[in-house]
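Visitor: I need the structure of the sequence given here:
(chains A and B)
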Amino acid sequence: MKYAPPFHRTNGFMPVLLALLALVVIPLFFSGTYARHTLILVFIYAILASNWDISLGLGGVFNFAHIAFFALGLYSYGIMAKIMGIDPWIALLLAPVLAIVFAAMLAIPVLRLEGIYVILMTFAAAQLMLQIVVSQSEYTGGTSGMVLLPRLTIGEYRLSNDGRIGYYYLALLLLAASTAFLYQLERSALGRAIKALRDNKYYAIARGVPEGRIRLLTLCASAIFPGLAGGFYGAYLRVASPDVFGLGFLTITLSILLLGGISTLWGSLIAAFVITILTQVLGDYGSWRNIIIAVLIIAVVVVYPGGLHAALQELWAAENRVRTNLMAAFRRHFGASARAAAMKAPDRLVRTTHGNVSVCDTGQGDKVIVCIHGNSSCKEVFRHQFAAFRRDYRIIAFDLPGHGASPNGNPERDYNVEAYAEIVRDLVDALELGRPIVFGWSLGGYIGLEYAAAGNPISALAICGTSPINKFPDDMARGYIATPHMELAGKRFHSPHEKSQYATHTVGMKKGQEPLLWQAVWRTDGQAREQAFSKLKTINWPRQTRLMRDGTLPFAMINGPNDPFINHEYCRSFHYGNIWGGAAQNVGNAGHAPFLEDHKTFNSMFREFLQTLP
Amino acid sequence: MISLDTFLFILASGVLLGGLYALMATGLAIVWTTLGVFNFAHGTFVALGAYIAWQVTQSVNGGMGFLLAAALSVIMMYGIGYLLHFVLIKPFERNANLVLLAVITTLAAASIIENHILIGWGPRDKQIVPPVSGAISAFGASINIYDIVVLAVALFSLLAMALFLRRTSIGRAMRAAAQNREVAELMGLNVSRLYAMTIGLSAATAALAGVFAGSLRFINPTFGTDPLMKALIIVILGGVARFTSPIYAAFIVGIAESVSVYFLGLYWAPAVLFAMMITVLLIKPEGLFGHRSRTL
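Guide: As a prediction, this is how the structure comes out:
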């Protein structure tokens, strides 16, 4: 299963669009050549660093000849345009050819070597290129390099006119093309094969990934845009000097990659701005500039190895926490009447060992039903059950931490199924519920199973939209149908599009039908989703299987036949000691949330189940 | 056909180069075999050693000055190398990406040292005055006495280092840490300190090589690049299977360099060496004298 939404449906779309617009507009306000020159350098460094990530980050190939691709692009532009007299534009387009050929040649020894030997070999190969360039002084100008390379013109108009505006937009175009290329490459079959070889080489080979061809393509793909950037650099500065092979250039590009974060496309683009502008600002300090940059590299590697990208992610997570918490606080104060109207009962905060949770309690009756909602939902999802059963039962629902009207919890401590089951136990103690009937939906089904399996007081258990699991994670693949929405269930940050997709598919509703549930998806703390999913592995699954197999607890499974997620075949084949009706039951034509979509049929079936209880 | 004295001259200069290179490469090799990382700052250790020695010879003249300079440079570089371990390698010695991270931090350290040299001593060429002069002639070729002294001292230092590693308890502890870190720790050895001492020892040999190289040619802030490249070629060419592997390879490289400088010219010589190294990497990645495992 792969989940790859089109770019305009992801969270990255708006920031990237805004950044691109800003870069298009900036030169209109800064007409000085210095600002534009700095930005052109930023773009070139960004292309170099982000393309290096194909081999270094995605591929795990420590290619230290990457800067040589750039240098070869630069020199081939120089030789083609100046000595062979080819039109500069054609020379620019042909500039990457030599770099790609060199990359293909590098692939042969890289295949035979591992680890540090790859670094040394590629490093030496780049030095060999430098020596060859320096030795061919009649073509390359030797150590002093080539000067007065042909400039780019459109008709009679020089790109350097009007404060280098032409070069600025050409460089921006190159950066945009390179970024689009990298984005597509990472999501393509080739990109996944490259990552597979990095993560587990022998498994990837066993699954039919051809190592030799993929390594060759990795290196060649990482040479295209550096080669073009090299040609552009030659046309822009009109100088080709062997300095570009040097350690200084390599160190700056590497520091951009590291500061941005390895294996992150956007990180190195942002870092290119930071580092290049820093080097320009520190330009007056001469040698101290290089020392400051080098100290910065060591500091980042030692203190904060994730780089800028990880910092941005943390910042985003913090923003998400604060925003969703404020949203919940706002709704607690101002949305109480809407919720009370839906549930016909007020809600209040109850203290548990995992923080306060918002509880809605009808408060009357000896027999108690506790309802547990699913991932990214809220307690109001059970309002039809409140209406139908409040006469005969005391019915209770609560918002999990990070959901609905409950405040956010501690991501490490409070967002996992065991913690949620402890919350149920605390509520049973605090509200003196005795031995309740527990009804859990989806993720809530696992909470109910965990609550019962841990030996807490319970008189019956019903689950809905939950596949029982014996062996994790194998049974996850069997119990659920692989759809992109499964990916969304454990994803931290949803884009607006993903949020509405998720809301639509989990409860089978259209926009506007269920405002409270719709809001709940927006309100849910992203870390609650991520943590609950990533910690599924810590649950004692066999204990739940034993509970269902022993059959001492009255148990019911009521699903929607059109549930897009669960595998009904699998649910039927599971062994149950004492399941109501002898098998998993289906409700009409309902989907993942039958108690909401077809609540009349569901409620009458649920009442039948309740009546079988002593 | 070349004459005998030309041949002897090429051979002699190749052997002298080999002696210097052996000092540089052995320092690089012991760090590689012990810590499993490649030190890209090794070249700047050579340069910094040369500059420290030059500074001392500016205040104390003559043969005594040279001896004092060499000794001070070696001792100071030992200390610098020892301390650098705790900044460059120690923070992530348990990290899965140690090899790549060490490349990055040592590259950064190289940049820091090189720029400090530039700030402290300026960009102009300098030379350490050799303590002895004069030449002897044999078979029609004239050889500088100082060259012979350099070669003898270089070989003697390598011999002393080999004896230190094999016959003293600290040396044996360093080899133990190189061969099996966990067992060495279980035996109660302070592996971090031994690692730091290894880098210190490596920096000290680099400093000695720097003092000699600085008295044979001019030094400038980018002086370290060439020794780094040569040491890299030698270590790969010879492998690091035994203490002596890079030493043999150093003499091969030294002689190959002087032969190709003579016949092909100054610019082609490095290309020949790199091509040699890449060929060896392709055919026998563990090096000419190597086995698959690394020991000290």
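Visitor: what comes up buried for stretch B:157-173?
Guide: Across stretch B:157-173, burial judged by 16 or more other CB atoms under 10 Å in any protein chain shown covers B:Ser157, B:Leu158, B:Met161, B:Ala162, B:Leu165, B:Gly171, B:Ala173. For glycine as for every other residue, the C-beta is placed from the backbone atoms N, C-alpha and C.
Visitor: Skipping adjacent residues, who's closest to A:Phe595 in space?
Guide: In this structure, A:Phe595 finds its nearest non-sequential neighbour in A:Phe602, 4.5 Å apart by CB to CB, 6 or more residues apart in numbering or on different chains.
Visitor: tell me the mean pLDDT over the helix or strand containing that neighbour?
Guide: In the assignment (DSSP states H and E), A:Phe602 maps to helix A:599-612. The predicted model gives helix A:599-612 an average pLDDT of 93.
Visitor: helix or strand right after the helix or strand bottoming out on mean pLDDT in chain A?
Guide: Sorting the helices and strands of chain A by mean pLDDT, DSSP states H and E puts helix A:484-489 at the bottom, at a mean of 78. Later in the chain than helix A:484-489, the nearest helix or strand by DSSP H and E is helix A:496-507.
Visitor: Show me the contact partners of that following helix.
Guide: Under the criterion CB atoms under 8 Å, 6 or more residues apart in numbering or on different chains, residues A:5, A:9-10, A:374-377, A:381, A:442, A:485, A:488-489, A:491, A:494, A:509-511, A:514, A:517-518, A:521-522, A:564, A:591-593, A:596-597 lie in contact with helix A:496-507.
Visitor: let's see 6 Å
Guide: By CB atoms under 6 Å, 6 or more residues apart in numbering or on different chains, the residues outside helix A:496-507 that reach it are A:Arg9, A:His485, A:Leu488, A:Leu517, A:Trp518, A:Val521, A:Pro564, A:His592, A:Ala593, A:Leu596.
Visitor: out of these, which one sits closest to chain B?
Guide: When the contacts of helix A:496-507 are compared for distance to chain B (CB to the nearest CB), A:Leu488 wins out at 30.5 Å.
Visitor: Just the element for A:Gln544, please.
Guide: Going by DSSP H and E, A:Gln544 is part of helix A:541-550.
Visitor: and that helix, what does it pack onto?
Guide: Helices and strands touching helix A:541-550, by 3 or more CB pairs under 6 Å, 6 or more residues apart in numbering or on different chains; DSSP states H and E, are helix A:443-453.
Visitor: pLDDT below threshold where in the chain?
Guide: Unless you meant another one, I'm taking chain A. A:1-2 (pLDDT under 70).
Visitor: other chain: chain B
Guide: Applying pLDDT under 70 to chain B flags the ranges B:1, B:139-141, B:290-296.
Visitor: if we can go back for a sec, just the buried ones from the contacts of helix A:496-507, in PyMOL syntax?
Guide: Here is the PyMOL command that selects the buried residues among the contacts of helix A:496-507 (16+ other CB under 10 Å):
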select buried, chain A and resi 485+488+517+518+521+592+593+596
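Visitor: Among the contacts of helix A:496-507, which pair sits farthest apart?
Guide: The largest separation in these, counting by CB to CB, is between A:Arg9 and A:Leu596 at 26.3 Å.
Visitor: I'd like to know how many residues surround the residue nearest to A:Ala235 when sequence neighbours are not counted.
Guide: Spatial nearest neighbour of A:Ala235, chain neighbours left out: A:Leu152 (4.8 Å); criterion: CB to CB, 6+ apart. Here the number of neighbours of A:Leu152 (other CB atoms under 10 Å in any protein chain shown) works out to 23.
Visitor: can you tell me which residues contact A:Leu152?
Guide: A:Pro88, A:Leu159, A:Ala235.
Visitor: Now secondary structure and neighbour count too, for these, in TSV please.
Guide: What follows is the contacts of A:Leu152, written out as TSV (DSSP: H, G, I helix; E, B strand; the rest coil; neighbours: other CB atoms under 10 Å in any protein chain shown):
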residue	secondary structure	neighbour count
A:Pro88	helix	20
A:Leu159	coil	19
A:Ala235	helix	26
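Visitor: that older thread, give me the helices and strands touching the first helix or strand past the helix holding A:Gln544 going along the chain, please.
Guide: Next helix or strand after helix A:541-550 toward the C-terminus (DSSP H and E): strand A:555-559. Counting contacts by 3+ CB pairs under 6 Å, 6+ apart, strand A:555-559 packs against strand A:460-464.
Visitor: quick one: strands adjacent to the strand it packs on?
Guide: Here strand A:460-464 has these sheet partners by DSSP bridges: strand A:437-441 (parallel), strand A:555-559 (parallel).
Visitor: And these: which comes nearest B:Ser260?
Guide: strand A:437-441 (78.1 Å).
Visitor: How far off centre is the closest one?
Guide: Distance of strand A:437-441 from the chain centroid (CA atoms, centre = their mean, to the nearest Å) equals 32 Å.
Visitor: ok so, going back, and the least confident helix or strand of chain A, what does it pack onto?
Guide: If you count contacts as 3+ CB pairs under 6 Å, 6+ apart, helix A:484-489 packs onto helix A:496-507.
Visitor: Name the residues of the stretch 51-200 of chain A found near chain B, please.
Guide: A:62, A:109, A:113, A:115-117, A:119-121, A:124, A:127-128, A:131-132, A:134-135 (CB under 6 Å from any CB of the partner chain).
Visitor: out of the residues you listed, which are buried?
Guide: Among those, the ones that count as buried by 16+ other CB under 10 Å are A:62, A:109, A:113, A:116-117, A:119-121, A:124, A:127-128, A:131-132, A:134-135.
Visitor: Determine which two of those are furthest apart.
Guide: A:Ile116 and A:Ser135 (28.2 Å).
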